[in-house]
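Student: Sequence first, predicted coordinates after that:
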Amino acid sequence: MDIVSLDIPDVRLVRPRRHGDTRGWFMETWRRDRFAAQGITDDFVQDNRSFSARRGTVRGLHFQRPPHAQAKLVGALTGSLLDVVVDLRRSSPHYGRHLTVELSADEGTMLYVPVGFAHGFCTLSDATTVFYKVSDTYAPECDGGISWNDPALGIAWPVGVAEAVVSDKDRALPLLAELPPIFV
Ligand SMILES: Cc1cn([C@H]2C[C@H](O)[C@@H](COP(=O)(O)OP(=O)(O)O[C@H]3O[C@@H](C)C(=O)[C@@H](O)[C@H]3O)O2)c(=O)[nH]c1=O
């Protein structure tokens, strides 16, 4: 399992090793000891899965506020997605910056997203199933987010506003500039 830092170093790309044989393949997708060896010590307490029927479905950009902030480990079980994170940590040299990474079921790659980031994705194929482990349980009273198409973020989404499939809740999210400080 390779765990590598990206341009915002606390965000990591995880490449599990696939052991192939005549039956197919086997891979480990999460191991506490291997993650801890890379400084990732979050206690993952909930697993989530979402299915998006159509290519161009956008979910995000979401976070949970403290005291229920969540780190996430995200991957695809079917299909592929463009995963997006935005650094919301006020003391970070990367505050307001984003990263995009393509994740696919075929490749088995995953993204580790620390606490303090907004997270979202756009599906790149029909019938995309996304899974993620999270480090705190769902707390709807701490639900937060920023608008996926906030021009200040400069995210190169693979779909335009007219074609994107977006929830009413996500359509109503504020711009980054409207967000009070949440993460140190
Ligand atoms: C996130 C979540 C939602 N729900 C419920 C609430 C609602 O009725 C239904 C759909 O919720 P949402 O519209 O918030 O689902 P969705 O837009 O898929 O939300 C997810 O988006 C991605 C990008 C993330 O990073 C996740 O953390 C999560 O915020 O599922 C839970 O029961 N538990 C959960 O942990």
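Tutor: Structure received.
Student: When you work out contacts or count neighbours from here on, use the C-alpha atoms and nothing else.
Tutor: Noted.
Student: Assign a three-state SS to the closest residue to the ligand within the chain, would you?
Tutor: The ligand sits closest to residue 120 of the chain, with a gap of 3.8 Å, by Cα to the nearest ligand atom. Judged by DSSP: H, G, I helix; E, B strand; the rest coil, the three-state class of residue 120 is strand.
Student: tell me, how many neighbours does residue 25 end up with?
Tutor: Per other Cα atoms under 10 Å, the neighbour tally for residue 25 reads 10.
Student: Over to residue 27?
Tutor: 13.
Student: Just give the nearest non-adjacent residue to it, would you?
Tutor: residue 18 (4.8 Å; Cα to Cα, 6 or more residues apart in numbering).
Student: same question, residue 167
Tutor: residue 59 (7.5 Å).
Student: Please name the residues that touch the residue minimising distance to the centre of the chain.
Tutor: Residue closest to the average C-alpha location in the chain (Cα atoms, centre = their mean): residue 119, at 4.5 Å. The neighbourhood of residue 119, defined by Cα atoms under 8 Å, 6 or more residues apart in numbering, consists of 60, 61, 62, 63, 83, 84, 85, 86, 113.
Student: Residue 164 now?
Tutor: 56, 57, 58.
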